[in-house]
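In: mind folding the following:
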Amino acid sequence: MRELRLLDILGTIREKGYMTTQELAEKFNVSVSTIRRDLSELNRRGMVSVSKNGVVPISETIVDTPVGFRSTVNVQAKALIARNALQLVSSGSVIFLDSSSTVLQMVSGLRNMRNIVVVTNSLPVATRFQGSLVPVHLLGGEMSTLSKGFFGPAAEEAVRAFNFDLAFFSPVAVTPTGFAAETTEYAASLRRAAMEQAQSAVLLFDHSKIGLTRPYNFAHLDAFRYLITDDEKHPLSARAIVRRVHA
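Out: Residues are numbered from 1 along each chain as shown. Below is the predicted model of the structure:
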């Protein structure tokens, strides 16, 4: 419940550009003290800047977003996309799973698969495999406190020790020029390294990400073997196989 309110508060602040705590309390029908606690949490996550007089958003184009927060957005679409992606995994596969909330949705379907090996830079992904018989390799490196993913030179060196049949990614944005993009350079760099080790790369994204722009491209859509999305109208790629899911 609180995560959903935080998401709504953040959306309102981004829409308005500036709001006072009193305005937010009235809009969400909660006490000023509750709003202050919520703003304190958003500030801790690096998503807003709070002053004595009010609050302003910190642009998400330059700030990583917590995976728990992202997991509350477009949940149904992400689940459908993840379910479709599972159809690509067969016995004997070695797969890479990135630190995105969409790819995280795949874990429940992978836990009971036989004769697969999973490599990931995501602590939440690795944790969800706990109790499963699937071998899981968690890359080392520097952990992002927001995404709970591991990045940097150590993670990139570690990922190059593997050869993947399939590598699954979900970007923060699919840009107007057709690139999968990330908010941070280290996130983009790790994904590039994993793609280099993959026989087939798979990009998962819901319609809300199309047309957004973020600072760091990690691959053009044509570089992926499969694109899996709930979007129904954009052509997306001339080379990739586009798999469209429907609610």
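
In: just checking, next helix/strand downstream of the helix or strand of the chain with the lowest mean pLDDT?
Out: Sorting the helices and strands of the chain by mean pLDDT, DSSP states H and E puts helix 67-70 at the bottom, at a mean of 71. Per DSSP states H and E, the first helix or strand lying C-terminal to helix 67-70 is helix 75-86.

In: just give the strands next to the helix or strand just after that following helix in its sheet, each with its orientation.
Out: With elements assigned by DSSP H and E, the helix or strand that comes after helix 75-86 is strand 94-97. Paired neighbours of strand 94-97 in the sheet (DSSP bridges): strand 117-120 (parallel), strand 164-169 (parallel).

In: so for residue 88, which of these sits nearest?
Out: The closest of the strands paired with strand 94-97 to residue 88 is strand 164-169. By CB to CB, the value is 6.0 Å. To be clear about C-beta, it is placed using only N, CA and C from the backbone, and glycine gets the same treatment.

In: could you list the low-pLDDT ranges of the chain?
Out: 59-64, 66, 69, 72-73 (pLDDT under 70).

In: ok, and the closest non-adjacent residue to the residue nearest to the spatial centre of it?
Out: By CA atoms, centre = their mean, the mean C-alpha position of the chain lies nearest to residue 100, the distance being 2.7 Å. Sequence neighbours aside, residue 170 is the residue nearest to residue 100 in space, at 3.6 Å (criterion: CB to CB, 6 or more residues apart in numbering).

In: against residue 104, how distant is that neighbour?
Out: Residue 170 is 9 Å from residue 104, where distance means CB to CB, to the nearest Å.
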